[in-house]
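> Here is my input; please provide its structure:
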Amino acid sequence: MNADVWMDGNNLTLGGRNEREHLALAEAIQTGRARSVYIPIIEAIDQRLMSRFLAKVALEVLVERIIRVEGWNEEIVDKEALDPIRHFARIGDRPEKWPFSRRRIYGEGDVHGDGDGYQVLHEFTILCEQLSEPGHLDLYAVVCIFGEEFAINLGEPEIASYERWLKAHDGTSPLYTSDKLPVPPVFE
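Take a look at the predicted model:
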């Protein structure tokens, strides 16, 4: 059984990713079905290099999503709103850092489906919604590699609006909410 683990002051706290998982975890602990806890330690990564990698991947994901639309190349190349993330991906000097979200959404070795099953090596989507102030559109690339989800904002170096989106959707990954972009990408 998976559980979220976090530090609450000096206390280590366990909880489910949503109400159903939280109740199942509490019941497993109370009945004694859960008798041990395994906490994997996420290896440290170079935040700056990972941000630059994700910026590059985010631009590729965006292109993959709109490549079949007439005029897509000009739409990507000529959009000044993408200049900051392009520069960060190429050079990495400004801004100094570009934050991203990182969380595990399923186990690296998990097998999905019935029968023989399959492993998901990677998957990706674009989350394109008004997440902050009215008139401002946030555009996130959400990429999952071996069960670890990363999200990066293509428009600006902030991640708080994505964290608010996750909270509003009970932690459900945008990878599992829809196969379609809710609206076409629009840049100011």
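> Going by C-alpha atoms from here, please, whenever you check contacts or count neighbours.
OK.
> For the closest residue to Arg52 other than its chain neighbours, list the residues it contacts.
In space, and not counting its chain neighbours, Arg52 is closest to Ala89: 4.6 Å by Cα to Cα, 6 or more residues apart in numbering. Counting by Cα atoms under 8 Å, 6 or more residues apart in numbering, Ala89 touches 51-53, 55-56.
> tell me which residues in the helix or strand hosting Ala24 are buried?
In this structure, Ala24 sits in helix 19-31 according to DSSP states H and E. Buried residues in helix 19-31, counted by 16 or more other Cα atoms under 10 Å: 21-22, 25.
> Would you format the residues you listed as a markdown table with distance to Phe124 and pLDDT included?
Below are the buried residues of helix 19-31 laid out as a markdown table (distance: Cα to Cα, whole Å; pLDDT from 0 to 100):
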| residue | distance to Phe124 | pLDDT |
| --- | --- | --- |
| Glu21 | 25 | 84 |
| His22 | 27 | 83 |
| Leu25 | 29 | 86 |
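> from those, which single one is nearest Asp83?
Set against Asp83, the nearest of those by Cα to Cα is Glu21 (41.3 Å).
> Any figure for the gap between the closest one and Pro95?
Using Cα to Cα, to the nearest Å, one gets 39 Å for the distance from Glu21 to Pro95.
> for Ala34, same thing?
To Pro95, Ala34 is 45 Å away according to Cα to Cα.
> that older thread, pLDDT on the following helix or strand past the helix holding Ala24, on average?
Later in the chain than helix 19-31, the nearest helix or strand by DSSP H and E is helix 47-66. The pLDDT scores in helix 47-66 average 95.
> CA atoms only: put helix 47-66 into PDB for me.
The C-alpha coordinates for helix 47-66 follow below in PDB (Å, rounded to 0.1, in the frame of the first residue of the first chain):
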ATOM      1  CA  GLN A  47      18.000  20.800  -9.500                       C
ATOM      2  CA  ARG A  48      19.400  23.200 -12.100                       C
ATOM      3  CA  LEU A  49      20.300  20.400 -14.600                       C
ATOM      4  CA  MET A  50      17.000  18.700 -14.000                       C
ATOM      5  CA  SER A  51      15.100  22.000 -14.600                       C
ATOM      6  CA  ARG A  52      17.000  22.500 -17.800                       C
ATOM      7  CA  PHE A  53      16.200  18.900 -18.900                       C
ATOM      8  CA  LEU A  54      12.600  19.400 -18.100                       C
ATOM      9  CA  ALA A  55      12.500  22.700 -19.900                       C
ATOM     10  CA  LYS A  56      13.800  21.000 -23.100                       C
ATOM     11  CA  VAL A  57      11.300  18.100 -22.700                       C
ATOM     12  CA  ALA A  58       8.500  20.500 -22.100                       C
ATOM     13  CA  LEU A  59       9.100  22.300 -25.300                       C
ATOM     14  CA  GLU A  60       9.300  19.000 -27.200                       C
ATOM     15  CA  VAL A  61       6.000  17.900 -25.600                       C
ATOM     16  CA  LEU A  62       4.300  21.100 -26.600                       C
ATOM     17  CA  VAL A  63       5.600  20.600 -30.200                       C
ATOM     18  CA  GLU A  64       4.400  17.000 -30.200                       C
ATOM     19  CA  ARG A  65       0.900  18.200 -29.200                       C
ATOM     20  CA  ILE A  66       0.500  20.800 -31.800                       C
END
